[in-house]
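Engineer: next comes the sequence, and after it the predicted model I'd like to discuss.
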Amino acid sequence: MTEQIVSLDVSDVRFPTSRELDGSDAMNPEPDYSATYVTIRTSDSAQGHGLAFTVGRGNEVQAAAVAALRPLVVGRSVAELLADPGAFNRELVGDSQLRWLGPAKGVIHMAAAAVDNALWDLAGRLAGKPVWRLLAEMSPEQLVSLVDFRYLRDALTPEEALDILRGAAPGREERTRRLLERGFPAYTTTPGWLGYTDEKLVRLAREAVADGFRQIKLKVGADAEADRRRLSLAREAVGPDVRIAIDANQAWGVAEAIDWLRPLAPLDPYWIEEPTSPDDIMGHAAIRRAVAPIRVATGEHCQNQVMFKQLLQAGAIDVLQLDASRVAGVTENVAILLLAARFGVPVCPHAGGVGLCEMVQHLAMFDYVAVSGTTENRVIEYVDHLHEHFTAPVTLRDGHYLAPLTPGLGAELRPESVAAHRYPEGPVWRELP
Ligand SMILES: C[C@H](O)[C@@H](O)[C@@H](O)[C@H](O)C(=O)O
């Protein structure tokens, strides 16, 4: 393989979801879903696609950050990059000038995610495999070579990572067979947005159960009395056996979270998600101790593998919600899956955004086949927004994600959708009142 990467294109694509869906939560009253959409092309005309999910105006800043990574990518040999994706990821994250903007956090880290994911998409397409399968067929040694252990060794050594992967190796084929047959369990956030009326919430909750979901999620944190009412309506609608997770999107301080959750406890919420600042590790630990048996979940705004390491070391979470575009792509997520396995904490990926369902399914499925080896207490989030814009949208059956078979990572947007939603010149935006 002598090809080179010849271009890296960045598009600012935005969907006016706040007007269409009212998909609001306590911290995002106008969530226009946006994607900083990345396409890398090789001299042989192969392509790889990645994206960073942002909300509305945030996409402007995000797109500029991805463009700043261009010199690290264009002109590089494809063979060299694919031979050692771990080394390439360390270059993206460790660039001696851009790391000043992080290091390894925020907009510049999400830019690295979009580029890393585009490279994995390219790798999957060249191999003719979906990325979950590409990863699941790599040797334990190859997988361990993806991980940057520099700041992880006190919690996870390369030897321990190898042991986890070698321990899971014998069952890989059987689990792949089961995955292809049944898919991976999902939960749905579709009924639970704050902007929905009680009637809509009840109708969508019932529909979710009829569609085979065994868990739904409700947004909370804006109005304590409304939360109690909505949770009891949802509980009545789904019955005692379907799990109801609740998500505060960082609305509370630590003591406030504990107080707010007390009257909700009799309604048996399964987990409380993002109860407080995503950076507050000790705060999450204190909330977890106070609200058990309600589980504490977080991760969609967790900046990097070092923060996840500390959340795990501090015993601060029961559920780890990795995100495809927040940390530095598939490569860093492999490290996070290994950390979670080391601590025995289930991974339930965050997917409430554009393109996240399409990407995170690969990570959860790889985890099942080759890392944790189980789907017990593991569910991938599903939200029914915007899948029609993707060339290979997710498929759900009976509350399960079916394993994707299309080569790559799934982040490719349909060219017509990009043209229509490009900001600000796309017709969808020009025609809005
Ligand atoms: C603005 C977004 O829709 C968020 O509300 C969403 O990502 C959410 O936190 C989730 O857990 O799905």
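Structural biologist: Great, that's in hand. Residues are numbered from 1 along each chain as shown.
Engineer: can you give me the helices in the stretch 1-150 of the chain?
Structural biologist: 17-21, 58-68, 70-73, 78-83, 85-94, 106-127, 131-136, 140-144 (DSSP state H, counting those that start in this stretch).
Engineer: same list, the ones you listed, but as CSV with distance to L204 and mean pLDDT please.
Structural biologist: C-beta coordinates here come from the backbone N, C-alpha and C atoms, glycine included. What follows is the helices of the stretch 1-150 of the chain, written out as CSV (distance: least, Cβ to Cβ, whole Å; pLDDT from 0 to 100):
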stretch, distance to L204, mean pLDDT
helix 17-21, 12, 77
helix 58-68, 28, 97
helix 70-73, 42, 98
helix 78-83, 43, 97
helix 85-94, 39, 98
helix 106-127, 30, 98
helix 131-136, 29, 98
helix 140-144, 39, 98
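Engineer: quick one: closest of the ones you listed to the ligand.
Structural biologist: helix 17-21 (8.1 Å; Cβ to the nearest ligand atom).
Engineer: give me the number of residues near A290?
Structural biologist: Burial of A290 is recorded as 16 neighbouring residues (other Cβ atoms under 10 Å).
Engineer: make 53 the starting number, not 1.
Structural biologist: With 53 as the first residue, the last one maps to A342.
Engineer: P237 is nearest to which of the helices of the stretch 53-202 of the chain?
Structural biologist: helix 183-188 (15.0 Å; Cβ to Cβ).
Engineer: element containing the nearest residue to I310 once chain neighbours are set aside?
Structural biologist: Among residues not flanking I310 along the chain, A342 sits closest, at 4.5 Å (Cβ to Cβ, 6 or more residues apart in numbering). Assigned by DSSP states H and E, A342 belongs to helix 333-343.
Engineer: that helix packs against which elements?
Structural biologist: helix 306-313, strand 347-350, helix 357-365 (3 or more Cβ pairs under 8 Å, 6 or more residues apart in numbering; DSSP states H and E).
Engineer: okay, the ones you listed in JSON lines with distance to the ligand next?
Structural biologist: Output for the helices and strands packed on helix 333-343, formatted as JSON lines (distance: least, Cβ to the nearest ligand atom, whole Å):
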{"stretch": "helix 306-313", "distance to the ligand": "16"}
{"stretch": "strand 347-350", "distance to the ligand": "9"}
{"stretch": "helix 357-365", "distance to the ligand": "17"}
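Engineer: hmm, back to that, can I get the helices of the stretch 53-202 of the chain in JSON lines including mean neighbour count and distance to the ligand?
Structural biologist: Shown next, in JSON lines, are the helices of the stretch 53-202 of the chain (neighbours: other Cβ atoms under 10 Å; distance: least, Cβ to the nearest ligand atom, whole Å):
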{"stretch": "helix 69-73", "mean neighbour count": "16", "distance to the ligand": "8"}
{"stretch": "helix 110-120", "mean neighbour count": "19", "distance to the ligand": "11"}
{"stretch": "helix 122-125", "mean neighbour count": "16", "distance to the ligand": "28"}
{"stretch": "helix 130-135", "mean neighbour count": "15", "distance to the ligand": "30"}
{"stretch": "helix 137-146", "mean neighbour count": "20", "distance to the ligand": "23"}
{"stretch": "helix 158-179", "mean neighbour count": "25", "distance to the ligand": "14"}
{"stretch": "helix 183-188", "mean neighbour count": "25", "distance to the ligand": "21"}
{"stretch": "helix 192-196", "mean neighbour count": "17", "distance to the ligand": "28"}
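Engineer: okay, now the residue of the chain found nearest the ligand: neighbour count?
Structural biologist: Residue nearest to the ligand within the chain (Cβ to the nearest ligand atom): G404, separated by 1.8 Å. By other Cβ under 10 Å, the residues close to G404 number 25.
Engineer: residues contacting the residue nearest to it when sequence neighbours are not counted?
Structural biologist: Leaving aside its chain neighbours, G404 sits nearest to V435 (4.8 Å; criterion: Cβ to Cβ, 6+ apart). Residues counted as contacts of V435 (Cβ atoms under 8 Å, 6 or more residues apart in numbering) are G75, T240, T241, T242, A403, G404, G405, C409.
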